[in-house]
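*Asks:* need coordinates for the below:
(one chain, ligands or ions: 1)
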Amino acid sequence: MGISKTLIKNARIFPGVENGQAKPVIEAGCALIKGNRFAYVGPEEACPAGRTEKVIDAGGRLLMPALVNAHTHSAMTLLRGVGGEKPLEVWLREHIFPLEERLVAQQARAGVALAMLEYLACGVTTINDMYMFPEETVKVVMEAGGRAMISNACVDFGKGEAQLADALAFHRDYHGAEEGRIRASVSVHAEYTTTPELVKKLVRATEGLDNIQHLHLSETQQEAAACRQRHGMSPVQYFHHLGLFNGPAVAAHCVAVDEEDMALLAQDGVRVAHAVISNLKLGSGIAPVPEMLSRGIPLTLGTDGAASNDNLDLWEEIKLTALLHKGAGRDATLISPAQVLEAATLGGARALGFDGLGLICEGWLADCVLMDLSLPNTLPAHDIPATLVYAAGSRNVSMTMSAGRVLYQDGEYLSLDEEKIKTRARQSAGELLGRDFSV
Ligand SMILES: [Zn+2]
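*Replies:* Next comes the predicted model:
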């Protein structure tokens, strides 16, 4: 048996965005997929002939790159909406941490599986997950057929050394698994949950390792002020001085950053995961995204966990990112639809170290979405990037594919058992929260 071939025909193809520029749409296009990569992308009449195992008639729908959720805590779906109307500090310490202390592996797995249903229905194939029980996350992502960078970020409440040892073992066991679909990350959770000693040890231990740092950074003014009090520096300066940004890094939030911080982020090549809805819900503030973009800081988008969002629908982040910074800055040119789409696709893929992911091009990984733009909310679609950002949403997603494999189509999951996952999620949430969610 040779490499399997799938043909997607009769599609409008939006290859994606690179360097802020949207690539031209290919009308009446087709995409030939060999194994897990695109072998041909272009007009239908030039498509190479030959036998294909599977033909998908796109029926004129739009084929675009699948989305990347660059900051999430998938298992927190079980805590969806817990501790609403509280600022970050109170929300974490009084509501989230006590519940997380009781969480067991099976429950975490149930939460991640529920999240995966949401990701696939939204067109997300790749996530950057930070949470306890990372082995459970690996299992679910492998079963679902997606991709992930996964970390159990180290915190230092007396067990920092053990956490670092666990993270290194996890990296050794899982990094590059499933033909590279799983990437492991040895990371710190945040400044306020770690000590300089632990950060230094982590930096030393990860030298020479293929590792991308994933941390929470300057999420609130309060965090930045407390860091200045403790260390005489902003969180960005602090981690820079400890050498954490010597290697590649994805920093979630970066709300409370000043000019000096942004200069350092740009200099160190740190990529920012903008979690706009979580920042708004927790009253954390608004990250200076247009300033970051103008300094060349690469942008990605993340939902954060479902306890502070409260869903994992990245299309909401896409629309809000495009709108909020224009309104807040009173300038309609501050961020373009193409820039936002790049952050949600190629920008995220690059930040997580997935090479050849994020564009629909020959030789690139076949992670893509079919968008039905014939629905009332997107008709007529005369400007594709603008239609996708301002008008479209997850309701337009009709097919999600990763590595050449269809995972979701017309409301059905092909790799996951939706009903079983929902039942387990209800049970697990009930156990954790002491409530009955069975009906
Ligand atoms: Zn987070």
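*Asks:* stretch 328-346 - what's its average pLDDT?
*Replies:* Averaged across stretch 328-346, the pLDDT comes to 98.
*Asks:* tell me the average confidence for whichever strand or helix holds residue 39?
*Replies:* Element membership for residue 39 (DSSP states H and E) is strand 37-43. For strand 37-43, mean pLDDT is 97.
*Asks:* measure the nearest residue to residue 271 once chain neighbours are set aside to residue 213 for me?
*Replies:* With sequence-adjacent residues excluded and distances taken as C-beta to C-beta, 6 or more residues apart in numbering, residue 271 is closest to residue 351, at 4.1 Å. Backbone N, C-alpha and C define where each C-beta goes, glycine included. Between residue 351 and residue 213 the computed distance is 11 Å (C-beta to C-beta, to the nearest Å).
*Asks:* spatially central residue for the chain, please.
*Replies:* By C-alpha atoms, centre = their mean, the chain has its centre lying nearest to residue 69, at 1.5 Å.
*Asks:* tell me what it is bridged to.
*Replies:* In this entry, residue 69 is beta-bridged to residue 127, by DSSP bridges.
*Asks:* that one against residue 301, yeah?
*Replies:* Yes - between residue 69 and residue 301 there is a contact at 7.3 Å, judged by C-beta atoms under 8 Å.
*Asks:* show me the contacts for residue 94.
*Replies:* Counting by C-beta atoms under 8 Å, 6 or more residues apart in numbering, residue 94 makes contact with 83, 86.
*Asks:* what about it, which SS state?
*Replies:* helix (DSSP: H, G, I helix; E, B strand; the rest coil).
*Asks:* and it, how far is that from residue 83?
*Replies:* Residue 94 is 7 Å from residue 83, where distance means C-beta to C-beta.
*Asks:* residue contacts, residue 32?
*Replies:* With contact set as C-beta under 8 Å, 6+ apart, residue 32 has these partners: 5, 6, 7, 8, 38, 39, 40, 41, 47, 48, 52.
*Asks:* try 10 Å this time
*Replies:* Residues in contact with residue 32 (C-beta atoms under 10 Å, 6 or more residues apart in numbering) are 5-9, 38-42, 47-48, 50, 52, 362, 366.
*Asks:* most neighbours among those residues, which one?
*Replies:* Among those, the one with the most neighbours (other C-beta atoms under 10 Å) is residue 8, at 28 neighbours.
*Asks:* give the pairing partners of the strand or helix carrying that one; include direction for each.
*Replies:* Residue 8 is part of strand 5-13 when elements are defined by DSSP H and E. Applying DSSP bridges, strand 5-13 is found paired with strand 26-34 (antiparallel), strand 54-57 (parallel), strand 62-65 (parallel).
*Asks:* quick one: it to chain centroid distance?
*Replies:* 26 Å (C-alpha atoms, centre = their mean, to the nearest Å).
*Asks:* which other residues reach stretch 422-434?
*Replies:* With C-beta under 10 Å, 6+ apart as the criterion, stretch 422-434 contacts 75, 77-80, 82, 99-100, 102-104, 106-115, 117, 417, 435-439.
*Asks:* what residues are up against residue 315?
*Replies:* By C-beta under 10 Å, 6+ apart, residue 315 lies in contact with 67, 122-124, 344, 388-389, 392-397.
*Asks:* please pick the buried ones from these.
*Replies:* With neighbours counted by 16 or more other C-beta atoms under 10 Å, those contain buried members at 67, 122, 123, 124, 344, 388, 389, 392, 393, 394, 396, 397.
*Asks:* would you point out the most distant pair within these?
*Replies:* By the measure C-beta to C-beta, 124 and 389 form the most distant pair in the buried ones among the contacts of residue 315, at 15.9 Å.
*Asks:* ok, residue 57 to residue 367 distance?
*Replies:* 20 Å.
*Asks:* compare the two and say which one has the larger neighbour count.
*Replies:* Set side by side, residue 57 and residue 367 show more neighbours around residue 367, with 33 against 11, by other C-beta under 10 Å.
*Asks:* what's the spacing between the residue nearest to residue 271 and residue 69?
*Replies:* According to C-beta to C-beta, residue 351 stands 11 Å off from residue 69.
*Asks:* quickly list what's touching both of those two.
*Replies:* Common neighbours of residue 351 and residue 69 are listed as 128, 273, 300, 302 (criterion: C-beta under 10 Å, 6+ apart).
*Asks:* secondary structure added to the residues you listed, as TSV?
*Replies:* Putting these into TSV (three-state DSSP) gives the following:
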residue	secondary structure
128	strand
273	strand
300	strand
302	coil
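*Asks:* and the two most separated of these?
*Replies:* Across these, the longest distance by C-beta to C-beta is 8.0 Å; it joins 128 and 300.
*Asks:* now do the shared contacts for the two.
*Replies:* Common neighbours of residue 128 and residue 300 (C-beta under 10 Å, 6+ apart) are 68, 69, 70, 71, 250, 252, 273, 348, 351, 352.
*Asks:* what sits closest to the third one if chain neighbours are left out?
*Replies:* Okay, so that is residue 70. residue 300 is the one closest to residue 70 (C-beta to C-beta, 6+ apart), at 3.6 Å.
*Asks:* residues contacting that neighbour?
*Replies:* 68-71, 128, 250-252, 271-275, 342-352.
*Asks:* from these, which ones fall inside helices?
*Replies:* Using DSSP state H, 342, 343, 344, 346, 347, 348, 349, 350, 351 are the members of the contacts of residue 300 that sit in helices.
*Asks:* how many residues are close by the last one?
*Replies:* By the criterion of other C-beta under 10 Å, residue 351 has 29 neighbours.
*Asks:* surely it meets residue 70?
*Replies:* Yes - taking C-beta atoms under 10 Å as the definition, residue 351 is a contact partner of residue 70 at 5.6 Å.
*Asks:* fine by me, we can end here.
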